[in-house]
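Engineer: Fold the following, please.
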Amino acid sequence: MNIRLRHDAIVRTLRRNGTSTIDDLAEEVGASRRTVLRDICALRDQGFVIHSESGRGGGVQLDPQSVQTTARLSVAEVFALLISVATMRAAQNLPFSDLADAGLIKIEKALPSDKVRDLRRFLDCLHIGQLSPRQDISDIGPIDPALLPAFETAFLQKLHLRFQYRDAKGVETRREVEPQAMLILSPLWYLVAWDPAREDFRHFRMDRINKPESINGAPFRRRHVPFEDDVCPFNDLQR
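Structural biologist: The predicted structure is shown next:
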């Protein structure tokens with residue numbers, strides 16, 4: 001069980017049982033006492049108020065008033081919410097836009113300052129435009145869920161991104177690029193990147209990208225992406 005799933009299981013158990021011992025939690029999540037104690041410290045750092053009492057009849061207890069979804073959202077998760085709203089708005093298919101904006105503002109205000117900073121840097125890379133009506137989208141497929149976390153690391157740390165790419169003819173190649181922007185032409189999403197091997201920008205449809213991974217090394221420099229006039233940067237809610 002990975003860290004996120006383990007944290008979720010601990011919170012669910014504490015909410016369900018009220019009070020649990022460390023041994024019971026360790027058995028529940030299949031981890032050692034030491035790991036569970038570290039997990040509880042991490043959950044406290046995320047904003048959960050967890051009380052502990054020693055001795056017979058003691059244990060750990062979660063204060064239900066401290067359970068806030070926003071305290072546990074990652075930068076990538078908030079980014080996913082923002083771009084989902086942005087995509088619906090661009091498609092003129094967001095009937096409750098005021099309520100959506102108000103909710104997103106509350107989420108952003110509840111984030112720690114370091115997450116807000118990373119979120120703004122992430123959003124600076126997002127651009128939105130209109131898809132040409134002549135574009136063939138009959139072969140559109142699902143986007144690999146591993147892509148957004150890989151993007152978060154690569155964009156924020158300016159690291160090269162390596163992935164398997166399948167072109168329109170079905171030919172697969174291994175690519176290593178410098179991610180510069182994300183472009184939404186709903187329903188198509190693109191990674192816009194500088195390709196060092198070709199010394200030029202390339203647009204990669206996200207539904208054709210597989211096995212993405214960021215590569216540790218010297219950070220690349222941010223480049224100006226020559227978008228067309230009808231492609232606009234995404235303006236986040238608090239600017």
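
Engineer: Do a quick rundown of the strands in this structure.
Structural biologist: With strands called from DSSP state E, the chain shows them at 19-20, 50-53, 59-62, 126-128, 160-166, 172-185, 188-195, 200-205, 209-215, 232-233.

Engineer: wait, which of these is closest to P226?
Structural biologist: P226 lies closest to strand 200-205 among the strands of the chain, at 7.2 Å (CB to CB). The way it works is simple: take the backbone N, C-alpha and C, and place the C-beta from them, glycine included.

Engineer: Give me the domain ranges for this protein.
Structural biologist: Domain ranges of the chain: 3-67, 75-233, per automatic domain parsing.

Engineer: okay if I get the ones you listed as JSON lines plus mean neighbour count and mean pLDDT?
Structural biologist: Formatted as JSON lines, those follow (neighbours: other CB atoms under 10 Å; pLDDT from 0 to 100):
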{"stretch": "domain 3-67", "mean neighbour count": "15", "mean pLDDT": "85"}
{"stretch": "domain 75-233", "mean neighbour count": "15", "mean pLDDT": "87"}
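
Engineer: Show me the helices in this structure, by range?
Structural biologist: Assigned by DSSP state H, the helices in the chain fall at 3-17, 22-29, 33-45, 75-90, 97-110, 113-123, 147-157.

Engineer: And those helices: which comes nearest E199?
Structural biologist: E199 sits nearest to helix 147-157 of all those, at 19.6 Å, using CB to CB.

Engineer: Can you give me the distance of the most centrally placed residue in the chain to G103?
Structural biologist: In the chain, the centroid-proximal residue (CA atoms, centre = their mean) is A76; its distance is 1.7 Å. Distance of A76 to G103, computed by CB to CB, to the nearest Å: 18 Å.

Engineer: likewise R120?
Structural biologist: 18 Å.

Engineer: Then D63?
Structural biologist: Look at D63 and G103: by CB to CB, they are 24 Å apart.
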